[in-house]
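Asker: Using only what follows, build the 3D model:
(2 chains)
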There are 2 protein chains.
Amino acid sequence: MPTPKNTLFIIGIGPGKDDLLTIAAKEALAQAKVILGYRTYLAQIAHLIRGKEVRATSMMEEVKRAQEALALAEKNGPVALVSGGDPAIYGMSAPVFEVLAARRRPYHVRIEIIPGVTAACAAAARLGAPLSNDCALISLSDRLTPWEQITRRIRLATEGDFVLVFYNPKSKRRKNQLKEALEIVAHRRPPDTPLALVKGAWREEEKIVLTTLAEKERILALADMSSLIIIGNSQSKLIDDFFLTPRGYGEKYRLTDEKA
Amino acid sequence: MPTPKNTLFIIGIGPGKDDLLTIAAKEALAQAKVILGYRTYLAQIAHLIRGKEVRATSMMEEVKRAQEALALAEKNGPVALVSGGDPAIYGMSAPVFEVLAARRRPYHVRIEIIPGVTAACAAAARLGAPLSNDCALISLSDRLTPWEQITRRIRLATEGDFVLVFYNPKSKRRKNQLKEALEIVAHRRPPDTPLALVKGAWREEEKIVLTTLAEKERILALADMSSLIIIGNSQSKLIDDFFLTPRGYGEKYRLTDEKA
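Answerer: Modelled structure (predicted):
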């Protein structure tokens, strides 16, 4: 079935490694007449969009990008709007649907979202099994959410013994949030709680730091916008070079008693 | 670079649709000499593993499956251990690393985890933009986690105004957890809070119900182990046929004042 011309694909491209894109994402990019996205993400898929009409925009221009993508899809699609990771998790789905929710006239656009590997999963795969019990995904960016609301969530998620995943931990202009967030957690969890930073997961520049809350200063110094931070729950531990949050198999099946 | 023979791939196959697998997942399956997994997931990738040695096991056999995969990879790999969705999120990473953590002797196995599209992202893509603010992923299965701990997390995440995502909401033997979980939330959030169920996301049998907490009985009746439940935060709304949790663009950029 050919893709209708008025299609807007919102595509999650995963962590930015060639082969961590879904097959559907690759095919949708191939079908699109125009491709829009933040320039860093477009650079990550450059080999897949060569020769295409590409409109690269800057970081803060999500709304303009969404409006342009909708208008283009209506006139002459299919159009692909690219999102790092997965479009639903702090990605491009929100600006598109917020524009749609505020519209005064209907857009005649058919939206097709292609999910991707979100940063939490991309980072977890490099660390072992850090997310194997309930987790809370929290963005530390206070550009669109009041900081008091974010800190309240960090406190409650810490009390609930969730594994904590911090997206957007730090940027050039925003340095203090991560410091405060780590302090909130360090007041409530012991210093030997596993703490990991994965920077540029799966890409050439990838850097992994696997440590504990006691060494949070190291993490603070290294974090940036391409980093993801994971903090363990009360059961998490560092074993050799991996981060394990038990799901509970060890206890249930008394694995330490077995011969293996 | 050829894959070392002692490699154990832990592979996230995403929601179970042909093309929502990553390219890396497809390639790892092609390289594997033996493929292990829960039979339902193996059936979803049958077209990719034809002619291979396959060892299908039942739902509760995660630990046996992990032990077998490690032993096979040590002797004669590469071996692929298949996980629905993403291996980190309630998938096969936990049993493998829990077996490793409890080992008395080292396994000489090189583990490579290939992340996938987790159910939260797969379902969100079918609904609009339900997860665009901080969210809590909670499994309602009390097989390995005490129910009191799960309900405590639901309460705290609700207080923190997280979007709630319930994995494993109901099974044949476990019917009451979802009822109780929805009641906890309904006591703390208004009846018009968006509530969605996505069953068999992206597969032929897919069923989507988009409603509100007021109609939780409908969701209760339909949910099963292949379902994912998403409950909005205080900002979420249903618009036409989509579920939107605003990230905050509409407010920040005064989208309702614009002409589009």
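Asker: Which residue comes closest to the residue in the stretch 151-260 of chain A positioned nearest to chain B once chain neighbours are left out?
Answerer: For the stretch 151-260 of chain A, the residue closest to chain B is A:Gly248, as judged by C-beta to the nearest C-beta, at 3.2 Å. For the C-beta atoms, the positions are set from N, CA and C on the backbone; glycine is no exception. Nearest residue to A:Gly248, sequence neighbours excluded (C-beta to C-beta, 6 or more residues apart in numbering or on different chains): B:Leu144, at 3.2 Å.
Asker: Contact partners for that neighbour?
Answerer: B:Leu144 is in contact with A:247-249, A:251-252, counting by C-beta atoms under 8 Å, 6 or more residues apart in numbering or on different chains.
Asker: and if you look at A:Lys199?
Answerer: A:205-208, A:222-224, A:226-228.
Asker: ok, 7 Å please
Answerer: A:Lys199 sits next to A:206-207, A:222, A:224, A:226-227 when contact means C-beta atoms under 7 Å, 6 or more residues apart in numbering or on different chains.
Asker: Just put the residues you listed in CSV and tack on neighbour count, distance to A:Ile138 and pLDDT.
Answerer: Listed next are those as CSV, based on neighbours: other C-beta atoms under 10 Å in any protein chain shown; distance: C-beta to C-beta, whole Å; pLDDT from 0 to 100:
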residue, neighbour count, distance to A:Ile138, pLDDT
A:Glu206, 16, 22, 98
A:Lys207, 14, 22, 98
A:Leu222, 14, 19, 96
A:Asp224, 16, 17, 95
A:Ser226, 20, 17, 96
A:Ser227, 23, 14, 98
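Asker: Count residues in the vicinity of A:Pro2, would you?
Answerer: By other C-beta atoms under 10 Å in any protein chain shown, 7 other residues sit near A:Pro2.
Asker: phi, psi of it?
Answerer: Phi and psi for A:Pro2, reported as degrees, to the nearest 10, are phi -70, psi 150.
Asker: Any figure for the gap between it and chain B?
Answerer: Distance check for A:Pro2 against chain B: by C-beta to the nearest C-beta, to the nearest Å, it reads 16 Å.
Asker: how close does that residue sit to A:Gly77?
Answerer: 12 Å (C-beta to C-beta, to the nearest Å).
Asker: Among the contacts of A:Lys199, which ones are in helices?
Answerer: Cross-referencing the contacts of A:Lys199 against helices under DSSP state H gives A:Leu222.
Asker: The contacts of A:Lys199 into a markdown table, with extra columns for distance to A:Leu81?
Answerer: Formatted as a markdown table, the contacts of A:Lys199 follow (distance: C-beta to C-beta, whole Å):
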| residue | distance to A:Leu81 |
| --- | --- |
| A:Glu206 | 26 |
| A:Lys207 | 29 |
| A:Leu222 | 31 |
| A:Asp224 | 25 |
| A:Ser226 | 20 |
| A:Ser227 | 24 |
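Asker: filter the contacts of A:Lys199 down to the ones close to chain B.
Answerer: Counting by C-beta under 7 Å from any C-beta of the partner chain, nothing from those sits close to chain B.
Asker: which one of the contacts of A:Lys199 sits closest to A:Pro87?
Answerer: A:Ser226 (17.9 Å; C-beta to C-beta).
Asker: just checking, that closest one touches A:Ala201?
Answerer: No: using C-beta atoms under 7 Å, A:Ser226 is not in contact with A:Ala201; the gap is 8.4 Å.
Asker: model confidence over stretch A:132-143, on average?
Answerer: Regarding stretch A:132-143, the rounded mean pLDDT is 97.
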